[in-house]
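K.L.:
would you be able to build a 3D model of this:
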Amino acid sequence: METKNIAALVFLIAALLCHLRTGYAQRSSGKSDITIAVRKTGKVVGRQPEYEATIGTSCSCPMKDVRVWCGGLEDSAVPLDGGKVEVDEGVCVLKQPVVRGSPLVLRYSSVVPVNFRVFNAAPYC
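P.N.:
Modelled structure (predicted):
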């Protein structure tokens, strides 16, 4: 009877460790740690309002390989900073890591604000 209890305990501990490891892997995905705030700057460029998108992170690790859905940004009258971002078929590929306390700021013009959505981000620790 004691052997059955030990086997059950070992199984329970193994299942718990597996669950904890899986939970950690899901938490470290990074996408949920990226925040994007958009505000009007008050300027008008090419008859369109200018906006400022601030991309930040709450993660203590720099976030690399950040890709954001940003359809419509390619039509901006404000030239995008090629050192910060590249737009490829509605996806913004950030060329710099996003670091907590030093958000990446992009300015653009559009009739309506772009609906940014994080597609990918990976912590670099």
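K.L.:
poorly predicted segments of the protein, please.
P.N.:
1-29 (pLDDT under 70).
K.L.:
which parts of the protein are helices?
P.N.:
Taking DSSP state H as the criterion, the chain carries its helices at 2-27.
K.L.:
and the longest strand along the chain, which residues are buried?
P.N.:
Determined from DSSP state E, the single longest strand within the chain is strand 34-45. Under the neighbour-count criterion of 16 or more other Cβ atoms under 10 Å, strand 34-45 has 34, 36, 38, 45 buried. To be clear about C-beta, it is placed using only N, CA and C from the backbone, and glycine gets the same treatment.
K.L.:
also stretch 85-93?
P.N.:
Of all the residues in stretch 85-93, those buried under the rule 16+ other Cβ under 10 Å are 85, 87, 92.
K.L.:
in TSV, list those residues along with distance to residue 103.
P.N.:
Converted to TSV, those look like this (distance: Cβ to Cβ, whole Å):
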residue	distance to residue 103
85	13
87	19
92	14
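K.L.:
list just the nearest of those to residue 66.
P.N.:
residue 92 (8.4 Å; Cβ to Cβ).
K.L.:
what's the closest non-adjacent residue to the closest one?
P.N.:
Among residues not flanking residue 92 along the chain, residue 70 sits closest, at 4.1 Å (Cβ to Cβ, 6 or more residues apart in numbering).
K.L.:
and the one you found, how far from residue 101?
P.N.:
From residue 70 over to residue 101 the distance is 23 Å, taken as Cβ to Cβ, to the nearest Å.
K.L.:
who's more crowded, the two?
P.N.:
A count of neighbours by other Cβ atoms under 10 Å puts residue 70 above the other of residue 70 and residue 101, at 25 against 6.
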